[in-house]
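> The following comprises the amino acid sequence and a computationally predicted model.
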Amino acid sequence: MYPAYLNAYNQLVNTNSPIALTVEMNGGENRDLTITVNTEVTGEITTTNNKVIFLLTRYINDDYSCSVCYYDEQDFNLTEIGETETYTSEVTWNPLWSIEDLTAVVIIQTMSGSVGNYPILQAGSSQFSGLLPMFSSDRTEGPVALGVQFYNNSFPQIGIDLLEWDLDGDGVFDSNEEDPYFLYDSPGTYDVTLQITFDGETDSVTEEGYITVTESSEISGSVTGIWMNEYSPYTIVDDTVVDEETTLIIEPGVTIVTNNNSQFIVNGLLIADAEEARDAIVFTSDDEWKGIKFADTMEDNIIQNCDITNATLSGIIVDNSKVDILGNRFYNNSSGALGASIDLTISDEVNIGYNIIANNTCVGLTGGIGCVSSSPNIYNNIIVNNDGYFGGSFSLKTSSNPVIQNNTIANNLATNEFFLFDSFPILVNNIIIKDNESIFMLINSLPTVSYSCVTGGYEGPGNIDDDPMFTDPSTGVGNGFDGLNADWTLAVGSPCIDTGHPNPIYNDEDGSRNDMGAYGGTGYVTVDNDNNEIIPATTSSVSVHPNPFNPQTNISLQLTDQDKIHPIELSVYNLKGQLIKTLFDNTMINEGQAFIWDGTDNNKNSMPSGIYFARLKTRSGSVTAKMLMIK
C-alpha cells in the first residue's frame, strides 16, 4: 500500500489551499475535551456545502491504522478572502481513554460531488495541550469503613508542581500524594476533588457523589479497609473478595455473617487478629456459607483468635497461599470431600497453632485438617470429637510432610485417625487417643512418631500407650459429644506430664521438660478468672506510645520466655498492607528494649498522616498494634 499512498501524497503536497487553520485540543468542563480550530480564508472558495469535520483518533496498537472514537461536523460558510472564524466541538471524556493516545483531527471538506471524491480544502491535527485534572480509583462503593485507592491520571503526566486532593468533600485538602489511599469511616456519599498546578496554572475537577459508603449489611464483591466493632455485624450476601494488592483489617469483636452459600475469598491481605480470645472475631452464617478461601496470595495473612463455624465446604481453604491460623475455634463446620475445618493445597508457608478443632463433620475425608502437596507447621492444637470418613483428624496426601507437634487428638470418629497417601509426616510430643487401635491408614506412606502417647502404642523413641488422664474430657466419641467445651488439660499424675522430648528446645513455658499434648511446650495456659478460661500462651505483644503521634512514637515489645530465646521480626506497614520499614529481621533483642519510629521511610521522605501497623512476628505467632500519625 505504501507506493499508492506516496503517489497520492505527492499529488497533494504542493497543492495550494484556500484556507489557513490551527487546531488545539484542551480541557473543557468536567474533564471533557474541547477541540478548537481557528480558520482564515486565504484564497478563492468556489465550492458549496462545505463542512468542518471534527475527529478524535485513538491509538490502540500497531495493528490499527486509525481508530476514530469521536465524530462531529459543522457548517463552514466562509467564502471571502480575509474572513475568519473559530469553531469548537466538545467531546465527552471516556474513562477508558488515555490522553497520550488521543489526537484531534479537523478537516474542512466539500460534501458535494461524486461519492468518494469529496475535495478536502484543508486539514490539521493536534494532541492535547494545557492542564487536564483527572483521577480514578479501585472502587467507588463499599461498606463502612471503606478504604479507597485513588490514582492521579492528569495531564501532563509528569512535572505537575502540586497535587491537592479533597477526598471527603469538606472543602479541606486531605493529601498531596500522587496516588493517595483514604479510609471512609462513616456511611454517606462523598464528593472528591483533585486540583493540579503546573507551570503557574491551576485547574481542578470535582466528581459529585463519587464515593458511596454503605451500612455493614448486604455486602458483596470487592472489600477493603477496616471493619470496625461499632458497625458489627457485617452481613455478606454474595461472594466477597479481598482483591490482589488490597487489604482488609477486621478489628476485635466483629461478627461476619456470610449467607446464601457465599464464600469469603482472599487474593490480597486479610488481617483478622482479635489479639485476645475474649474479643474473638466471629465468622458464621444464618444459613450456609463456603468458608474463607485464601487463593494465590503470599501476603502475611493472619487469622487469630477467631470463631469459625457453620461453614459447609471448609472453615478455611488455603490454595497456594501463605497464612497464620492461630488460636481459633473451629466448630460445627461440615464438608463433603475436604478437611471440614482446614484444607490446604500446595501451601507450605502456613502455621496452624493453638486452635481448638471440635465437633466438625466430613462425610468423605476428615473433620479436621486436610493437606494436598502441603507441609505446614501444625502445633499445640486440640483436635477432638470430629466425624470423618478416612481420617478423624488428618488427611495428608501427595507429598504432604508436615511437622505435627504437641497436639491433643482424641475422641474423633472415623475409620482411622490419620489417612496418609504418599506422605511422610513427623509427629512429636502428641497425644493421640482413639476408641480402637486404627491410628494410621498408610498408602505408600510412613510417619515418624516420637515422644507421643498413642492408643495401641507405636514404634519410636519415647512413645507410650497409656491413659493421658484428661481433667474433664468429652464423654463419648464423635460430634454427638461436646469436645469444644471439655477440659483437655492433664490431671495431676498424668503419664504425659514431663515425658515429652527431653531436648530443652521443647521445654514447657516454665522451663520444665515438655508435656505431651497441646499444653506442652509453649502451649495453652489457664487464666485465673471466673470462667477458668483457657487461652493460648501466645502472650508476646507490641504496644505504641504516644498514639496518636507526630512524628515519632515508641514501639515496645513484651515477649514470652520462649520467644525471648528466638529471633523476632518487627516491621511497620501502611493501611494497604505495604511494608514501610523493617526494624528487625530475624534478630535477637534484649528484654525490655524499645524502638523509635520517626514516621519516615527508608529514603527519609516524610510519610503522610494516616493509620500504620507495627507487626511483631515471633516463633509462636504474630501480633499487631495500630498506630495513628497526625500531622
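Received it, and whenever you're ready, just let me know what you need. Residues are numbered from 1 along each chain as shown.
> Domains in the chain, by residue range?
The record's domain parsing of the chain by automatic domain parsing lists 2-126, 135-213, 313-534, 541-629.
> distance between the second one and the chain's centre?
In terms of CA atoms, centre = their mean, to the nearest Å, the centre of domain 135-213 is found 22 Å from the chain centre.
> quick one, what contacts the closest residue to Asp515 other than its chain neighbours?
Distance criterion CB to CB, 6 or more residues apart in numbering; nearest residue to Asp515, sequence neighbours excluded, is Ile497 at 5.1 Å. Bear in mind the C-beta positions are built from the backbone N, C-alpha and C, glycine included. Contact analysis of Ile497 by CB atoms under 8 Å, 6 or more residues apart in numbering lists 490, 515-516.
> Quick check: strands, which of these are part of them?
Among the contacts of Ile497, the subset assigned to strands under DSSP state E consists of Leu490.
> Make a PyMOL selection of the buried ones in the contacts of Ile497.
What follows is the PyMOL syntax selecting those of the contacts of Ile497 that are buried according to 16 or more other CB atoms under 10 Å:
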select buried, resi 490+515+516
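> Specify which member of the contacts of Ile497 is nearest to Ser114.
Met516 (98.5 Å; CB to CB).
> right, and Arg407 touches Tyr379 too?
Careful, residue 407 is Asn; it's not Arg. Yes: contact criterion CB atoms under 8 Å: Asn407 and Tyr379 qualify, at 7.0 Å.
> Please say which of the two ends up with more neighbours.
Neighbour tally, Asn407 and Tyr379, criterion other CB atoms under 10 Å: the higher count belongs to Asn407, 32 against 26.
> Identify the residues contacting the more buried one.
378-383, 430-431, 517-518.
> try Cys66
Contacts of Cys66 by CB under 8 Å, 6+ apart are Thr57.
> What residues does Val372 make contact with?
Here Val372 is in contact with 344-346, 397-398, 400 (criterion: CB under 8 Å, 6+ apart).
> Where does pLDDT dip in the stretch 501-631 of the chain?
525-539, 591-592, 601-606, 620, 631 (pLDDT under 70).
> For the stretch 101-250 of the chain, which segments count as strands?
Counting by DSSP state E, counting those that start in this stretch, the stretch 101-250 of the chain has strands at residues 102-110, 120-126, 135-137, 141-143, 146-152, 162-166, 181-184, 188-198, 201-214, 219-222, 225-227, 234-242, 247-250.
> Next, format the ones you listed as TSV and append mean neighbour count, mean pLDDT and distance to Phe283.
What follows is the strands of the stretch 101-250 of the chain, written out as TSV (neighbours: other CB atoms under 10 Å; pLDDT from 0 to 100; distance: least, CB to CB, whole Å):
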stretch	mean neighbour count	mean pLDDT	distance to Phe283
strand 102-110	21	94	48
strand 120-126	17	92	57
strand 135-137	18	91	28
strand 141-143	20	92	16
strand 146-152	20	92	20
strand 162-166	17	96	35
strand 181-184	21	91	22
strand 188-198	19	96	27
strand 201-214	16	93	20
strand 219-222	17	94	13
strand 225-227	23	92	12
strand 234-242	19	96	10
strand 247-250	24	92	9
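> hmm, back to that, deepest-packed of the domains of the chain, please.
Of all the domains of the chain, domain 313-534 carries the top mean neighbour count, a mean of 22, counting by mean count of other CB atoms under 10 Å.
> Low-confidence regions, the stretch 251-400 of the chain specifically.
Ranges of the stretch 251-400 of the chain meeting pLDDT under 70: 277.
> go with 80
Residue ranges of the stretch 251-400 of the chain with pLDDT under 80: 275-278.
> sorry, back to before: turn the strands of the stretch 101-250 of the chain into JSON lines, including distance to Thr297.
Output for the strands of the stretch 101-250 of the chain, formatted as JSON lines (distance: least, CB to CB, whole Å):
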{"stretch": "strand 102-110", "distance to Thr297": "37"}
{"stretch": "strand 120-126", "distance to Thr297": "46"}
{"stretch": "strand 135-137", "distance to Thr297": "22"}
{"stretch": "strand 141-143", "distance to Thr297": "19"}
{"stretch": "strand 146-152", "distance to Thr297": "17"}
{"stretch": "strand 162-166", "distance to Thr297": "29"}
{"stretch": "strand 181-184", "distance to Thr297": "19"}
{"stretch": "strand 188-198", "distance to Thr297": "29"}
{"stretch": "strand 201-214", "distance to Thr297": "25"}
{"stretch": "strand 219-222", "distance to Thr297": "14"}
{"stretch": "strand 225-227", "distance to Thr297": "17"}
{"stretch": "strand 234-242", "distance to Thr297": "8"}
{"stretch": "strand 247-250", "distance to Thr297": "11"}
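> So which of the ones you listed is nearest Asn360?
Nearest of those (CB to CB): strand 234-242, 21.2 Å.
> And the contacts of that closest one?
Under CB under 8 Å, 6+ apart, the answer for strand 234-242 is 143, 216-224, 227, 248, 254-260, 262-270, 289.
> That one pairs with which strands, parallel or anti?
If you go by DSSP bridges, strand 234-242 pairs up with strand 219-222 (parallel), strand 255-258 (parallel), strand 262-266 (parallel).
> show me where the chain has helices.
For the chain, the helices defined by DSSP state H cover 2-12, 561-564.
> which one of these has the lowest average pLDDT?
Mean pLDDT is lowest for helix 2-12 among those, at a mean of 60.
> nearest residue to Ala295 other than its sequence neighbours?
In space, Ala295 is closest to Asp319, 4.8 Å off (CB to CB, 6+ apart).
> what sits against the closest residue to Gln195 other than its chain neighbours?
Closest residue to Gln195 apart from its sequence neighbours, by CB to CB, 6+ apart: Ser204 at 3.8 Å. Counting by CB under 8 Å, 6+ apart, Ser204 touches 133, 193-196.
> Taking these together, which two end up most distant?
Applying CB to CB across these, the maximum distance is between Thr193 and Ile196, 10.8 Å.
> Just the C-alphas of stretch 494-506, formatted as PDB.
Provided in PDB are the C-alpha atoms of stretch 494-506 (Å, rounded to 0.1, in the frame of the first residue of the first chain):
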ATOM      1  CA  SER A 494      -0.800 -37.900  84.200                       C
ATOM      2  CA  PRO A 495       1.800 -40.100  82.400                       C
ATOM      3  CA  CYS A 496       2.100 -37.400  79.700                       C
ATOM      4  CA  ILE A 497       3.500 -34.800  82.100                       C
ATOM      5  CA  ASP A 498       7.200 -34.200  81.700                       C
ATOM      6  CA  THR A 499       7.600 -37.200  79.400                       C
ATOM      7  CA  GLY A 500       7.800 -35.300  76.100                       C
ATOM      8  CA  HIS A 501      11.000 -34.800  74.100                       C
ATOM      9  CA  PRO A 502      13.900 -34.200  76.500                       C
ATOM     10  CA  ASN A 503      15.700 -31.600  74.300                       C
ATOM     11  CA  PRO A 504      15.400 -28.200  76.000                       C
ATOM     12  CA  ILE A 505      14.100 -26.600  72.800                       C
ATOM     13  CA  TYR A 506      10.800 -28.400  73.500                       C
END
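> Give me the distance from that stretch to the chain's centre.
Worked out by CA atoms, centre = their mean, stretch 494-506 lies 40 Å from the chain centre.
> I'd like the domains of the chain as CSV, with distance to Ala295 appended.
Shown next, in CSV, are the domains of the chain (distance: least, CB to CB, whole Å):
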stretch, distance to Ala295
domain 2-126, 28
domain 135-213, 19
domain 313-534, 5
domain 541-629, 16
